[in-house]
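Undergrad: need a structure here:
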Amino acid sequence: MTDTTITTIMTEPGGLYRLAAWTSPSFPTGAFSYSHGLEWAVEAGRVTGEADLRGWIEQCLLCGVGLVDGVLLAAGYRAAGHAICDPNRLDELIDLAAAWRATSETALESAQPGASFLATVRAAWPSPALDRFAALCGERKPGLALCFGVAAEEIAALDVALFFYLSSLAAHQVSAGVRLIPLGQTAGQRLIAALEPAVRKAARRAEHEDIDRIGSAAWAVDIASMRHETQTTRLFRS
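TA: Numbering: from 1, shown residues only. Model (predicted):
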């Protein structure tokens, strides 16, 4: 696979339609209300312009939440497979997804949108597999990436699901930066275009990475999230 292509196992238009809907800013997960520590980084002068924001998001994608969420998505997708559905593995992943957050705010950033995503998809696109997954979760909130992976297994190839999810993650960060720095809308679209190689790289790595060897190395993002917890004036929840 090259840096400029995504290998697509046949994904029907209906599957692409759902992925586009699930990653749309209008899909009611509440993801727009989280900045993943970016709000503190802007206030502290660590991210001041377009170039800084691009570097910040690339680190998130390749060394932080993008990599972690991508691997969780892939693991959930495989564990939910019709031929090899493994409820014990899914049960482990629910707890692992909750543990794989460095701060209380990033934990909320995963858990609350995950619960909203699962409830909304089950209401709009009923699925016995998702009903079983929700029952397995019980009172636990499994995290957005894991929920997305389980839902996507029925409708799309893994590489396509990863690319849509990580593209959405990057877009949410760009949107937060456009509002916080602030930047113009054209600058935001330049960033979306410039981040495509990082999104592709993160998707490819997540598809093939061993979940037992993965972790976050985006230390500045974790510190920013911790500092955001006590930030006096806040627009975002993380």
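Undergrad: where does the chain dip in pLDDT?
TA: Applying pLDDT under 70 to the chain picks out residues 1-11, 82-84.
Undergrad: can we see that at 90?
TA: Residue ranges of the chain with pLDDT under 90: 1-14, 81-87, 97-102, 141-142, 210, 212-219, 233.
Undergrad: just the helices in it please.
TA: For the chain, the helices defined by DSSP state H occupy 13-22, 38-43, 50-63, 65-79, 87-99, 104-124, 128-137, 144-152, 158-180, 185-194, 196-208, 219-228.
Undergrad: who wins for proximity to Ser238 among those?
TA: Counting by CB to CB, Ser238 lies closest to helix 104-124 out of the helices of the chain; the figure is 3.8 Å. Backbone N, C-alpha and C define where each C-beta goes, glycine included.
Undergrad: and the angle from the closest one to helix 219-228?
TA: Put simply, helix 104-124 runs at 90 degrees to helix 219-228, going by axes from the mean of the first three to the mean of the last three CA atoms, to 10 degrees.
Undergrad: How about residues contacting helix 104-124?
TA: For helix 104-124, the external contacting residues (CB atoms under 8 Å, 6 or more residues apart in numbering) are 22, 27-31, 34, 36-37, 65, 69, 97-98, 101, 127, 130-131, 133-134, 137, 141-148, 151, 222, 225, 228-229, 237-238.
Undergrad: Report the buried members of those residues.
TA: When those are checked for burial by 16 or more other CB atoms under 10 Å, the buried set is 22, 27, 29, 31, 34, 36-37, 65, 69, 97-98, 101, 130, 133-134, 137, 141-148, 151, 222, 225, 228, 238.
Undergrad: Kindly provide the distance from Glu58 to Gly64.
TA: Per CB to CB, to the nearest Å, Glu58 is found 10 Å from Gly64.
Undergrad: and if you look at Pro197?
TA: Distance of Pro197 to Gly64, computed by CB to CB: 17 Å.
Undergrad: Also Ser116?
TA: From Ser116 to Gly64 the distance is 22 Å (CB to CB).
Undergrad: ok, those two, which is more surrounded?
TA: Each of Ser116 and Gly64 has its neighbours counted (other CB atoms under 10 Å); Gly64 has more, 26 against 18.
Undergrad: my read: that one touches Ala224, true?
TA: No. Here Gly64 lies out of contact with Ala224, judged by CB atoms under 8 Å, at a distance of 10.8 Å.
Undergrad: hang on, the earlier thing: which one of the helices of the chain is the most hemmed in?
TA: The highest mean neighbour count among the helices of the chain, using mean count of other CB atoms under 10 Å, belongs to helix 144-152: a mean of 29.
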